[in-house]
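# got a predicted model here, sequence first, then my questions.
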Amino acid sequence: MRSRSNSGVRLDGYARLVHQTILCHQNPVTGLLPASYDEKDAWVRDNVYSILAVWGLGLAYRKNADRDEDKAKAYELEQSVVKLMRGLLHCMIRQVDKVESFKYSQSTKDSLHAKYNTKTCATVVGDDQWGHLQLDATSVYLLFLAQMTASGLHIIHSLDEVNFIQNLVFYIEAAYKTADFGIWERGDKTNQGISELNASSVGMAKAALEALDELDLFGVKGGPQSVIHVLADEVQHCQSILNSLLPRASTSKEVDASLLSVVSFPAFAVEDSHLVEITKQEIITKLQGRYGCCRFLRDGYKTPKEDPNRLYYEPAELKLFENIECEWPLFWTYFILDGIFSGNTEQVQEYREALDAVLIKGKNGVPLLPELYSVPPDRVDEEYQNPHTVDRVPMGKLPHMWGQSLYILGNLMAEGFLAPGEIDPLNRRFSTVPKPDVVVQVSILAETEEIKAILKDKGIDVETIAEVYPIRVQPARILSHIYSSLGCNSRMKLSGRPYRLMGVLGTSKLYDIRKTIFTFTPQFIDQQQFYLALDNQMIVEMLRTDLSYLCSRWRMTGQPTITFPISHTMLDEDGASLNSSILAALRKMQDGYFGGARIQTGKLSEFLTTSCCTHLSFMDPGPEGKLYSEDYDEDYDDELDSGNWMDSYDSTRNARCGDEVARYLDHLLAHTGPHPKLTPTSRKGGLDRFRAAVQTTCDLMSLVAKAKELHIQSSFCSCRSPSS
């Protein structure tokens, strides 16, 4: 037998620590971890954080293995991680109906539960008996699902599970406008069951969305159908709201120590390094004590003044908790990890020494991280008068598995067993690195040959929409309908992405659909969606705004490409010349600058190699090779409006030849335009036809009356049935 190296001996020591403090509690059937000996429920967030030490130790063994036994240990540890992540997946997938409902309602009653039964994966409390809506918990699961998959673990096993994860993306993508109960489950600071918009939830959702975008959940063994797709506009909405909130945590919380997980490991969700430093300094200045950090100011959890028999506080009760908030060593583990990722060895050493001083030695000298330190009940008045002077006592869970896991992970990284890139294979830690300047590529197209000739007379050489073939040009609403098929799964009753208007980031990419390149025009020029698209001055202003937005928000590989068609509505009344506002905008873009943005105009074919191009793999042929069923009828129109229009995609009854994608898009174009709301009188006869015509006249008269602000008696146009 070979002798053990020093690194191997140290790893074995950490392996014993992990088994004694974390893995010994893992359920052998579900893989879930209970909160503690007393609390047997499994929290989603706590489980994810608690398994990170196991994941890191497995990576360390895989990297430093000097014996076959080490490789076996690495495999065992990795499978423990897979078991827990799949256990959480089973918990959530049992509530698939809630995921489907929440996509449309964003209601707290339709949210996934925050905790489950450790033995059965079943729910443990009712929908309204707990602050279940915690978007950061779902987001941190998705974030580490992406990181672990990128590190080589195989967690997702079927396309049904891929579709469920895709719908979880839709579940969290509206986090920037969804009030939840936050990372501490209590809602706003008053703890009265009031949800609010939390920076910790928005930031973690943003990180999860970025991590999952274009990720193959089957890893190296995957294919087009197992790739997750995320819309860039939703990510940037989260970014904008997050930047506007920080360094505040929410409306009610001036600062929250949980923001460490947003500005640093694991989310790295903030791109502004100055804002990152401000947030960290706010936490250190206002929340740090001798034993750790408070969660937030006036936090009453586990303090001597808190009544443990009441779920909520009284409105004036918060004043009692001032200066006696419990201090959590957990947050010092975040500072250790932050120092490692930022290369600040002094910070790492400082917080490691501070953490060693608050650890509790268990049986055989095992270091245990307590949940928190509280002021003794008999010394509360003394602490009121002189904050941070009274010696505190450990309370709560021992060990606190969430903190214990991050403590072990920090030690593994600080001692060189793990490099930052191994625990962050998706390179999120580089979020604050300055991005290169963006040059917006604009392709000006003429709707007809006549418009092309008018533009040429003005010195603007363009192509027509027909001339750019085989590149196909479509309106933005078609892209919205295409994306609404993403994640559809009839067996799980998942309808896919709710139909929403497409943002400028989404329409500034090229799309590869079945080996055909598509480009989509911006949403603001879609005249069938909004009548202001007929106002040429408004079009110019919206174009200027979108170009400026692209320059500041574009983060994808390749340059943004805007396809700007010139239609007959952009001509003057005589139809022989271009509107002066449009012409001035085109000339400014040709000069290279417009609205503060750098512009390069040219042909679409010239931009193919420099543009950002996304492969919409979910539109590729399935096992039966078809995109949609050919045998749709008139009822298909209703399905399109109701969101059920993708149900028959996998039909095999499509024997006609021709371009299937072209026919599919033609069908979308025919059924996504505005429909007249007038009664279809052409199909009616006799009195029915007459009554329909009268009803139409009544509608028109009503509109005229409202427009002129007249007060016409409703009996003026009363339509009576033949029987009256």
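Yes, it's here.
# if you count residues, which helix in the protein comes out on top?
helix 68-93 (DSSP state H).
# after that one, next one along is what?
Per DSSP states H and E, the first helix or strand lying C-terminal to helix 68-93 is helix 96-105.
# does the closest residue to Ile93 other than its chain neighbours lie in a helix or a strand, and which?
Closest residue in space to Ile93, ignoring its immediate chain neighbours: Phe164 at 5.5 Å, by Cβ to Cβ, 6 or more residues apart in numbering. Where C-beta positions appear, they are placed from N, C-alpha and C, glycine not excepted. Element membership of Phe164 [criterion: DSSP H and E] is helix 159-172.
# on that earlier part again, and the longest helix of the chain with helix 159-172, angle?
60 degrees (axes from the mean of the first three to the mean of the last three Cα atoms, to 10 degrees).
# show me which residues of helix 68-93 are buried.
Neighbour-count burial for helix 68-93 flags 70, 73-74, 77-78, 80-93 (criterion: 16 or more other Cβ atoms under 10 Å).
# which strands and helices sit next to that helix?
helix 6-21, strand 41-43, helix 44-50, helix 52-64, helix 135-150, helix 159-172 (3 or more Cβ pairs under 8 Å, 6 or more residues apart in numbering; DSSP states H and E).
# now the second one, how far from the centre of its chain.
Just to be clear, that refers to strand 41-43. Its chain's C-alpha centre and that of strand 41-43 lie 23 Å apart, by Cα atoms, centre = their mean, to the nearest Å.
# what is it packed up against?
Where contact means 3+ Cβ pairs under 8 Å, 6+ apart, strand 41-43 is packed against helix 68-93, strand 115-117.
# burial of Leu260, as a residue count?
By other Cβ atoms under 10 Å, 24 other residues sit near Leu260.
# what helix or strand is it on?
helix 260-263.
# for the next helix-or-strand element following that helix, give the mean pLDDT please.
Past helix 260-263, further along toward the C-terminus, the next helix or strand under DSSP H and E is helix 273-287. Helix 273-287 shows a mean pLDDT of 97.
# what's the answer for stretch 296-316, then?
Mean pLDDT, computed over stretch 296-316, is 91.
# partner strands of the longest strand seen in the chain, parallel or antiparallel?
What stands out as the longest strand in the chain, according to DSSP state E, is strand 439-446. Note on strand 439-446: by DSSP bridges, its sheet partners are strand 463-464 (parallel), strand 561-566 (parallel), strand 597-601 (parallel).
# care to break the chain down by domain?
1-124, 133-287, 293-426, 439-620, 681-717 (automatic domain parsing).
# of those, give the one that comes closest to Thr432.
Among the domains of the chain, the nearest to Thr432 by Cβ to Cβ is domain 133-287 (4.2 Å).
# scan the helices and strands of this structure for the one with the lowest mean pLDDT.
One helix or strand of the chain scores below all others by mean pLDDT, DSSP states H and E: helix 635-642, with a mean of 40.
# mind saving the C-alpha coords of the helix or strand hosting Gly339 as PDB?
Element membership for Gly339, per DSSP H and E: helix 330-342. Only the C-alpha atoms of helix 330-342 are listed here, as PDB (Å, rounded to 0.1, in the frame of the first residue of the first chain):
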ATOM      1  CA  LEU A 330     -22.800  32.100   9.000                       C
ATOM      2  CA  PHE A 331     -22.100  35.500   7.400                       C
ATOM      3  CA  TRP A 332     -18.400  35.300   8.200                       C
ATOM      4  CA  THR A 333     -18.200  32.200   6.000                       C
ATOM      5  CA  TYR A 334     -19.500  34.400   3.200                       C
ATOM      6  CA  PHE A 335     -16.800  36.900   3.800                       C
ATOM      7  CA  ILE A 336     -14.200  34.100   3.800                       C
ATOM      8  CA  LEU A 337     -15.400  32.900   0.400                       C
ATOM      9  CA  ASP A 338     -15.700  36.500  -0.900                       C
ATOM     10  CA  GLY A 339     -12.000  37.100   0.000                       C
ATOM     11  CA  ILE A 340     -11.000  33.900  -1.800                       C
ATOM     12  CA  PHE A 341     -12.800  34.800  -5.000                       C
ATOM     13  CA  SER A 342     -11.600  38.400  -4.900                       C
END
